[in-house]
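A.B. asks: Any chance you could fold what I've pasted below:
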Amino acid sequence: MASKLHQLKSKATQLSQVVGKHGTTYYKQLLEENKRYIQEPPTVEKCNLLAKQLFYTRLASIPQRGEAFWRELDCFKHAWKNRKNLKVEDAGIAALFGLECFVWFCAGEIIGRGFTFTGYYV
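C.D. replies: You can find the predicted model right below:
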């Protein structure tokens with residue numbers, strides 16, 4: 001156990017040295033490539049302003065999202081009415097999508113419980 005801990009410590013030290021050496025280069029390169037997105041001056045007030053703009057822009061987009069939801073629901077209703085014309089391939093894709101949603105739900109529950117399968121810590 002002690003040898004594993006020593007190996008882990010040495011790997012962490014190596015990683016911190018690599019990040020220290022190359023991290024600033026990567027940071028500068030990333031900022032240079034994306035400078036068109038940087039707001040000047042980069043202050044806390046500017047960040048707060050952008051956060052408010054994002055919030056109210058998303059708030060303003062709620063009616064369009066509702067319309068898109070109702071269009072999708074109408075499409076589903078139409079497919080349900082014409083289910084006799086439904087191909088097996090389409091039904092299989094829908095079943096796999098439902099299964100994927102269920103699996104992601106279960107994974108979220110497991111993560112939320114602190115990576116336990118049996119239940120929550122009380």
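A.B. asks: Can you pull out the low-pLDDT segments for this structure?
C.D. replies: Within the chain, the stretches with pLDDT under 70 are 1, 120-122.
A.B. asks: and the longest helix for it?
C.D. replies: As assigned by DSSP state H, the longest helix anywhere in the chain is helix 2-33.
A.B. asks: How many neighbouring residues does K21 have?
C.D. replies: Neighbourhood size, K21 [other C-beta atoms under 10 Å]: 9. Every residue, glycine included, has its C-beta placed from N, CA and C.
A.B. asks: Which parts of the chain are helices?
C.D. replies: 2-33, 44-60, 62-81, 88-112.
A.B. asks: What residues of the second one count as buried?
C.D. replies: To tie it back to what came earlier, the one meant is helix 44-60. Under the neighbour-count criterion of 16 or more other C-beta atoms under 10 Å, helix 44-60 has nothing buried.
A.B. asks: what's the angle from it to helix 62-81?
C.D. replies: If you take axes from the mean of the first three to the mean of the last three C-alpha atoms, to 10 degrees, helix 44-60 sits at 40 degrees to helix 62-81.
A.B. asks: Which of the helices of the chain sits closest to T118?
C.D. replies: Of all the helices of the chain, it is helix 88-112 that lies closest to T118, at 10.3 Å by C-beta to C-beta.
A.B. asks: Now do that closest one: distance to the chain's middle.
C.D. replies: Relative to its chain's centre, helix 88-112 lies at 17 Å (C-alpha atoms, centre = their mean, to the nearest Å).
A.B. asks: Kindly reformat the helices of the chain as CSV containing distance to G119.
C.D. replies: Putting these into CSV (distance: least, C-beta to C-beta, whole Å) gives the following:
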stretch, distance to G119
helix 2-33, 30
helix 44-60, 36
helix 62-81, 34
helix 88-112, 10
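A.B. asks: And T57, how far from L50?
C.D. replies: According to C-beta to C-beta, to the nearest Å, T57 and L50 sit 10 Å apart.
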